[in-house]
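Novice: Mind looking at a prediction? Sequence and model below.
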Amino acid sequence: QVQLVESGGGSVQTGGSLRLSCTASGRSFSMNLMAWFRQAPGKEREFVARLRWSTGITYYTDSVKGRFTISRDNAKNTVFLQMDSLKPEDTAVYYCTGCSRIACYDSPREYAYWGQGTQVTVSS
């Protein structure tokens, strides 16, 4: 089993920054990819960014490119999401997730492990 614990959410004004952290424990070595999704009230869970553990290669959804950065600390089994230039439309619960398959992409159904979520609220 893999456990994922997120932290770092909060409330900021438009243009502000937050950094989310996600620490993996348990059989975390089995995961090839880590990703962040988000879910706003009344909306489906959507992909935000992903990172491959072995290479550090990253991929972002278009709406966050140039504003968000996903990174990792291998020694601490931790993934980060640095969020800059935040907008009200970034308001959502953000979830950390892991994939043990060779490849996972943008669908939440591809990911087996999920954190509990952390709230991000951006006010105008």
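Specialist: Great, that's in hand. Only a predicted model underlies this, so the values are computations on that prediction, with no experimental measurement involved.
Novice: what phi and what psi does the backbone show at the residue sitting nearest the centre point of the chain?
Specialist: The centre of the chain sits closest to residue 36, judged by C-alpha atoms, centre = their mean, with a distance of 2.1 Å. Main-chain dihedrals, residue 36, degrees, to the nearest 10: phi -120, psi 130.
Novice: Residue 45 now?
Specialist: Here is the backbone geometry of residue 45 (degrees, to the nearest 10): phi -70, psi 130.
Novice: before we move on, back to that, surely the residue nearest to the centre of the chain meets residue 20?
Specialist: Yes - because the distance of 7.1 Å satisfies C-beta atoms under 8 Å, residue 36 is recorded as touching residue 20. Quick note: C-beta positions are derived from backbone N, CA and C, even for glycine.
Novice: Could you name every residue contacting both of these two?
Specialist: Residues touching both residue 36 and residue 20 by C-beta atoms under 8 Å, 6 or more residues apart in numbering: 81, 94, 96.
Novice: what about stretch 1-20, distance to the chain center?
Specialist: On the basis of C-alpha atoms, centre = their mean, to the nearest Å, stretch 1-20 is displaced by 9 Å from the centre of the chain it belongs to.
Novice: So what would you say the end-to-end distance of it is?
Specialist: End-to-end span of stretch 1-20 (C-alpha to C-alpha, to the nearest Å): 22 Å.
Novice: Could you do stretch 12-20 as well?
Specialist: Stretch 12-20: ends 13 Å apart by C-alpha to C-alpha.
Novice: Which residues does that stretch contact?
Specialist: Under the contact criterion C-beta under 8 Å, 6+ apart, stretch 12-20 has outside partners 6-10, 36, 80-88, 94, 96, 118, 120-124.
Novice: Throw together a PyMOL command that grabs the buried residues out of the residues you listed.
Specialist: Only the buried entries of the contacts of stretch 12-20 go into this PyMOL selection, using 16 or more other C-beta atoms under 10 Å:
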select buried, resi 6+8+9+36+80+81+83+86+94+96+118+120+121+122
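Novice: Sort out which of the contacts of stretch 12-20 are in strands and list them.
Specialist: 6-7, 10, 36, 80-83, 94, 96, 118, 120-123 (DSSP state E).
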